[in-house]
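Asks: model this:
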Amino acid sequence: GQAPAVHVAGATLAKADGTPITLHGVNRSGAEFMCVQGHGFFDGPADQTSVTAMKSWGINAVRVPLNEDCWLGHSNVEPAYAGAAYISAVRSYVDLLHRNGLVTVLDLHWTDGAYTGPSAGCSDADATCQKPMPDAAGALPFWTSVAQTFKGDDATVFDLFNEPYPSRATGSAASGWACWRDGGSCAGIGFRVAGMQAMVDAVRSTGADNVLLLGGLEYANDLTQWAAYRPNDPLHNLAASWHSYNFNACSTSSCWDAQLGPLAAQVPVVTGEAGENDCAHGYLDTLLPWLDRHGVSYLAWAWNTWDCGSGPALISSYDGTPTGFGAGYRAHLAGL
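Replies: Next up, the predicted model:
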């Protein structure tokens, strides 16, 4: 059946009738990099057969990372993969996922802005790598356009920015959280930043009421000050996005108890990315039961046929054949 509309209801996500829903899904990487690299829209198939393989694992959600330049049709992207063509491809894929009953999370992954400070991914001003925060010049038009495109489709959730790390540029957690919320001129970042408040406002200005996910600092692994710096949303439809890998700072149950548990008791928390880089599932075997006990949603990275030793990859074939890492995730889903 059609994917359910979702909204925030206290500390949980809920369907339109008020029934709580926890997202258990996968990330489908590709739309953030293929277009800007001149290779197409998606990395691998984006058809019914591939979605059927995903569904065979028992998922109910798919996160789709996006590229700012491709969506806005900037001149550094080949016209065949930019602007209206890119938007149409994304829209068609979201429609396909929805027809298969899958909630979709759209994530602003790669953005503009030249940044060469601590933890820089590249020196390119274009959207070719991860930046510490999104640029106001592109991210605000991006979210205005995305919101206009998917307004009225509450089975689509907006993840405002993939993995913020402004504190590495600004020099402290306090200045990093201020940059995260307020944007503008942030120390160490040479472009005008789109803060979370401005992106919330851009979406709401269109009349879109979609759930908005806001990832914290340190590549969305630090949510310690999320509640204190939460932007204002007139619709009260915000949830926290958290990323969890075996190589993150907060990767133990004691840290989750201290940092994540208290927030998950206040607002919905969605683990937008979860994984490990060892082709195994020992980390997931500890993490996922903790998330289940606390009602936290999670989407594993990633439904792509990469070498699972170079980056977390769930599958070795798009027919759903799991890697060692993916086998652990599939088994956990089967046991829910």
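
Asks: Leaving aside the residues adjacent along the chain, what's closest to Val8?
Replies: Counting by Cβ to Cβ, 6 or more residues apart in numbering, Asn237 is the residue found nearest to Val8 once chain neighbours are left out, at 4.9 Å. Where you see a C-beta, it was placed from the backbone N, CA and C, and this is true even at glycine.

Asks: Apologies, that question was intended for Thr170.
Replies: Leaving aside its sequence neighbours, Thr170 sits nearest to Ala187 (Cβ to Cβ, 6+ apart; 4.5 Å).

Asks: How many residues are close by the one you found?
Replies: Each residue near Ala187 was counted by other Cβ atoms under 10 Å, and the total is 14.

Asks: One more: His236?
Replies: His236 has 11 neighbours, counted by other Cβ under 10 Å.

Asks: separation between the residue nearest the centre of the chain and His281?
Replies: The centre of the chain sits closest to Asp107, judged by Cα atoms, centre = their mean, with a distance of 4.4 Å. Per Cβ to Cβ, to the nearest Å, Asp107 is found 24 Å from His281.

Asks: What of Gly10?
Replies: 32 Å.

Asks: try Arg168
Replies: Arg168 is 30 Å from His281, where distance means Cβ to Cβ.

Asks: more neighbours, those two?
Replies: More crowded of Arg168 and His281, by other Cβ under 10 Å: His281, with 24 against 17.

Asks: Start from the N-terminal end of the stretch 51-200 of the chain and give the helices.
Replies: 68-72, 84-99, 136-150, 167-170, 173-182, 196-204 (DSSP state H, counting those that start in this stretch).

Asks: With adjacent residues omitted, what lies nearest to Asp292?
Replies: With Cβ to Cβ, 6+ apart, the residue lying closest to Asp292 is Leu336, at 7.4 Å.

Asks: Name the SS class of Leu284, please.
Replies: Judged by DSSP: H, G, I helix; E, B strand; the rest coil, the three-state class of Leu284 is helix.

Asks: and it, how many neighbours does it have?
Replies: Leu284, neighbours per other Cβ under 10 Å, totals 24.

Asks: how about it, what does it touch?
Replies: Counting by Cβ atoms under 8 Å, 6 or more residues apart in numbering, Leu284 touches Ala274, Gly275, Glu276, Ala300, Phe325, Gly328, Tyr329, His332.

Asks: Then Gly215?
Replies: Counting by Cβ under 8 Å, 6+ apart, Gly215 makes contact with Asp159, Leu160, Phe161, Asn162, Glu163, Pro164, Ala240, Ser241, Trp242, His243, Gly272.

Asks: how far away is the nearest residue to Ala173 once chain neighbours are set aside from Leu238?
Replies: Leaving aside its sequence neighbours, Ala173 sits nearest to Ser167 (Cβ to Cβ, 6+ apart; 5.2 Å). Using Cβ to Cβ, one gets 21 Å for the distance from Ser167 to Leu238.
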